[in-house]
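1. Curious how this folds, go ahead:
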Amino acid sequence: THPDLLDYLATRFRDGGQSLKQLHRLILNSATYRQSSQHNERNAERDTENQFLWRMNRRRLDAEQVRDSMLLVSGKLNRQMYGPGFRAFELKDDHSPHYDYLKFDAAQPSAHRRSIYRFVVRSVPDPFFESLDCADPSQIVARRGETNTALQALTMLNNQFSVYMARVLAQRLTEETSDVEQQINMVFRQVLGRAPGKEERTLFVAVAKEHALANVCRVLFNCNEFMFVD
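-> Numbers count the residues shown, from 1 in each chain. Predicted coordinates for the structure are as follows:
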């Protein structure tokens, strides 16, 4: 859709010492690349598919990014680099290997390392990662698919890892203050990077009092604002 732009970038790359780093810097510092995904009705009528790049296309976090973000906001992220990976499953190997992801204890310290250190079983994908469109480890794919399904919402609400991280985050906030309204303000800042609106604060204070703060954390983990990059 933009042949002139591609010619320009190719020329800059050729004449600029063929440095990919300089080419990336040029693109990433451009006004177009730094746009938000904010909707504009007038532009949308003219260019529904956003071929002229008047906004950024919203992008959902990869499965690994979602998991690492939950570890980060809960305060459990282990930033240790290198060394052996961790296994997010229980292994039984009486006659043939059996990988049980449901019996894995999310509270284990080894489970708090970044997802890049996760031991991947090619023949038995992790249900959490699989539901969030992680690539099939038994195949070579050039690009991951991106879907929006009810299973993803159910996974983010009910997976044992999500439940545990929500509980840990709620415990941290409870230790800092016993005031429910302050807890809601803090969890919004921690998870969504903003303060709650007046109606949101009233609603989530009621939810926290009736269903506990951990369930508020589970709901916010499942929000588009947490899952998508704007």
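2. spatially speaking, which residue is in the middle of this protein?
-> For the chain, the residue nearest the mean C-alpha position is V66 (2.5 Å; CA atoms, centre = their mean).
3. list the contacts for the nearest residue to it once chain neighbours are set aside?
-> Setting aside the residues directly before and after it, V66 is nearest to L132 in space (CB to CB, 6 or more residues apart in numbering), at 6.0 Å. To be clear about C-beta, it is placed using only N, CA and C from the backbone, and glycine gets the same treatment. Applying CB atoms under 8 Å, 6 or more residues apart in numbering, we find L132 in contact with 62-63, 66, 152, 155.
4. quick one, what contacts the residue nearest to the centre of the chain?
-> V66 neighbours (CB under 8 Å, 6+ apart): 132, 156, 227.
5. Sketch out the low-pLDDT regions of the chain for me.
-> Flagging of the chain using pLDDT under 70 yields the residue ranges 94-95.
6. longest helix anywhere in it?
-> helix 160-176 (DSSP state H).
7. got the buried residues for it?
-> For helix 160-176, the neighbour count (16 or more other CB atoms under 10 Å) marks 161-170, 172-173 as buried.
8. what does stretch 100-109 give?
-> Within stretch 100-109, the residues that qualify as buried are 101, 104, 106, counting by 16+ other CB under 10 Å.
9. Give me every residue in contact with it, excluding its own residues.
-> Contact with stretch 100-109 is made by 78, 86-92, 111, 126-128, 160-161, 164-165, as judged by CB under 8 Å, 6+ apart.
10. helix or strand for the residue lying closest to L192 once chain neighbours are set aside, which one?
-> What sits nearest to L192 in space, not counting adjacent residues and going by CB to CB, 6+ apart, is E225, at 4.8 Å. Taking DSSP states H and E as the definition, E225 sits inside helix 224-227.
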